[in-house]
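Asker: Just the structure for this:
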Amino acid sequence: MMIQLAIDNVPYRTALREMLAGHVDLEVRCVEQPDMTDCGVVVLDVGHLNRLPLPIPHPERVVLIASKEPAQLSRAWEAGVNSVVYEKDPLSTAVLAIMSARLRCGKQRHDGG
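Answerer: Got it, this is the predicted structure:
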């Protein structure tokens, strides 16, 4: 299953990609524009989220990397995103959210969704 990283913060994106690289069964790609038609997990920053049209297809597979600004959280809520990780959280928290979204994606495929 592919994981798309659409994050402008290069050091954060690189560190997250390196942590995810330890999982053999994952394909991790850094992308400028996420492909929302792909069935994998999409990890976005707020800038990328703001460029996506609403509603987002399958928002349960999106993990948003955000600050604690109310406007950012409001936009995530409107988009239906249910996995938000704060920029200042440890990277392991982001990895946990990504793995959780990955499990939801796998369940969807097996349930026929």
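
Asker: quick one: contacts for the most centrally placed residue in the chain?
Answerer: Nearest to the mean C-alpha position of the chain, by Cα atoms, centre = their mean, lies V43 at 2.0 Å. Contacts for V43 (Cβ atoms under 8 Å, 6 or more residues apart in numbering) come out as I3, Q4, L5, A6, I7, L16, V62, V63, L64, I65, A94, I98. C-beta coordinates here come from the backbone N, C-alpha and C atoms, glycine included.

Asker: Out of those residues, which two sit at the greatest distance?
Answerer: Taking Cβ to Cβ as the measure, those span a maximum distance of 14.8 Å, between L16 and V62.

Asker: Which one's more surrounded, these two?
Answerer: A direct count of neighbours by other Cβ atoms under 10 Å for L16 and V62 places V62 higher, at 28 against 23.

Asker: Now that one: phi and psi?
Answerer: With angles defined as degrees, to the nearest 10, V62 sits at phi -100, psi 140.

Asker: what ranges do the strands span in this protein?
Answerer: Applying DSSP state E to the chain gives strands spanning 2-6, 27-30, 41-45, 62-66, 83-86.

Asker: Thanks a lot, see you next time.
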